[in-house]
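# The sequence and its predicted three-dimensional model are supplied below.
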Amino acid sequence: MDWPVQKTIANTVTMMGKGVHSGKPARLVIHPASAEYGIWFRRVDVTDRNNLIPALYDSVNDTRMCTRLANEDGVEVSTVEHLMAALAGTGIQNALIEIDGPEVPIMDGSSRTFVQVILEAGVRNQDAPVRAIRVLKEISIQFDKTIATLKPSETLEIDFSIDFVDQAIGRQQKTLEMANGAFVRELSDCRTFCQRKDVDALQSIGLAQGGGLDNAIVVDDGFVLNPEGFRHADECVRHKMLDALGDLALAGAPILGKYVGIRAGHRATNMLLRELFSTPGAWEMVVCDTAQTEMLPGAHIQAEDIRLSA
């Protein structure tokens, strides 16, 4: 093999956790997959129809509180973004994920647990070249106060800005090149966040039943309710960057481009991918050389890296 190669997880891993919306436990198993397979989910609790769901942007059917995927038979799996970020951030291009319910477990609200089990299981090289989607011209979408943009770049870079009224969060901005294990060390432990009033409102109508201080940062009128506080002073914008990486991974291959998000979320990133792929001349698929592959999110990481953010 004279080219950088695709990767899959070296050993099957199993984990248990609860869904943030239903509060019900789910069993999730990540299996190695062959080269060129991509990332697929299988709902093992569904046996009367096709239970395979591709982890692709055009399978997204809901982005209101998380990213939800569905196949043509209506079989769904939601809250995929943190796991997708972990797979992209550790350089896994091929995997089969089996799950016995409709939600990926929320774990601690970040990608850290997923990254830990992937790195502990190991990563295996495969006999196929790494392909990436190179952005050729700027693409942007805008609605309300949200803007999301993809620009040409030699590497994947994420630039994110948020602005919340609650002063516990306020305005935050961060730019990070997703190379040399930056995702694992700087973003993977950053938890989702919300306001207490929003949690109360959702739970009053039967949603967010599994949400709480063990899997989210909860703020209330300028105060962080979690006893341990923030893991990083700017943990909230870092989590938005984590989400963006997970949603961008639904492109089906690593992206060589700069993502700029201003008050963006799952909806904006999915709309942006749909705009990119529907715009003639906006992108091309390339076989990565060694220099390009070494700048992708999964390069130059090892199991010890996750402990730096523990």
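Looks like it arrived, so ask away.

# Would you confirm that Ile169 belongs to a helix?
No: counting by DSSP: H, G, I helix; E, B strand; the rest coil, Ile169 is not found in a helix; it is coil.

# just the helices in the protein please.
Assignment of helices within the chain using DSSP state H yields the ranges 81-89, 112-121, 182, 196-204, 235-248, 266-278, 290-293.

# Show me what the fourth one is packed up against.
Based on contacts counted as 3 or more C-beta pairs under 8 Å, 6 or more residues apart in numbering; DSSP states H and E, the elements that helix 196-204 packs against are strand 217-220. C-beta coordinates here come from the backbone N, C-alpha and C atoms, glycine included.

# So what are the sheet partners of the strand it packs on and their directions?
According to DSSP bridges, strand 217-220 forms sheet pairs with strand 193-195 (parallel), strand 223-224 (antiparallel).

# if we can go back for a sec, is it possible to get CSV of the helices of the chain that adds mean pLDDT?
Shown next, in CSV, are these (pLDDT from 0 to 100):
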stretch, mean pLDDT
helix 81-89, 98
helix 112-121, 96
helix 182, 93
helix 196-204, 76
helix 235-248, 98
helix 266-278, 98
helix 290-293, 91
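
# can I get these in CSV with distance to Ala70 and mean neighbour count?
Converted to CSV, the helices of the chain look like this (distance: least, C-beta to C-beta, whole Å; neighbours: other C-beta atoms under 10 Å):
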stretch, distance to Ala70, mean neighbour count
helix 81-89, 15, 28
helix 112-121, 22, 21
helix 182, 32, 21
helix 196-204, 22, 14
helix 235-248, 16, 26
helix 266-278, 13, 20
helix 290-293, 32, 15
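
# would CSV of those helices with distance to Thr14 be doable?
Shown next, in CSV, are the helices of the chain (distance: least, C-beta to C-beta, whole Å):
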stretch, distance to Thr14
helix 81-89, 14
helix 112-121, 9
helix 182, 28
helix 196-204, 29
helix 235-248, 21
helix 266-278, 27
helix 290-293, 29
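
# Point out the one among those helices that comes closest to Gly23.
Nearest of the helices of the chain to Gly23, taken as C-beta to C-beta: helix 196-204 at 9.5 Å.

# what is Thr149 paired to in the beta sheet?
Under the criterion used here (DSSP bridges), Thr149 is bridged to Ser140, Val260.

# if we can go back for a sec, for the strands paired with strand 217-220, which one sits closest to Asp289?
The nearest among the strands paired with strand 217-220, by C-beta to C-beta, is strand 193-195 at 38.7 Å.

# could you give the mean pLDDT of the closest one?
Mean pLDDT, computed over strand 193-195, is 89.

# what does that strand rub up against?
166, 169, 211, 216-220, 235-236, 239 (C-beta atoms under 8 Å, 6 or more residues apart in numbering).

# coming back round to it: put together TSV for the strands paired with strand 217-220, with mean neighbour count and distance to Val135 on each row.
Shown next, in TSV, are the strands paired with strand 217-220 (neighbours: other C-beta atoms under 10 Å; distance: least, C-beta to C-beta, whole Å):
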stretch	mean neighbour count	distance to Val135
strand 193-195	19	29
strand 223-224	16	37
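
# Spell out for me which residue occupies the centre of this structure.
Gly246 (1.9 Å; C-alpha atoms, centre = their mean).

# give the contact list for that one.
67, 80-86, 88, 111.

# can we see that at 6 Å?
By C-beta atoms under 6 Å, 6 or more residues apart in numbering, the residues touching Gly246 are 81, 84-85.

# Please name the residues that touch Pro105.
17, 26, 28.

# cool, Asn11 as well?
Asn11 makes contact with Ala121 under the criterion C-beta under 6 Å, 6+ apart.

# Tell me the confidence at it?
97.

# Verify the contact between Val237 and Ile162 for me.
Yes: counting by C-beta atoms under 6 Å, Val237 touches Ile162, with 5.1 Å between them.

# joint contacts of those two?
Common neighbours of Val237 and Ile162 (C-beta under 6 Å, 6+ apart) are Gln172.

# quick one on the thing from earlier: and the contacts of Gly246 as JSON lines, adding distance to Gly181?
JSON lines is the format used below for the contacts of Gly246 (distance: C-beta to C-beta, whole Å):
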{"residue": "Glu81", "distance to Gly181": "20"}
{"residue": "Met84", "distance to Gly181": "18"}
{"residue": "Ala85", "distance to Gly181": "14"}
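
# which among the residues you listed gets closest to Glu284?
Closest to Glu284, out of all of those and judged by C-beta to C-beta, is Met84, at 22.7 Å.

# do you know how far the closest residue to the closest one other than its chain neighbours is from Phe230?
Ranked by C-beta to C-beta, 6 or more residues apart in numbering and with sequence neighbours excluded, the top spatial neighbour of Met84 is Gly246, at 3.9 Å. As judged by C-beta to C-beta, to the nearest Å, Gly246 and Phe230 stand 21 Å apart.
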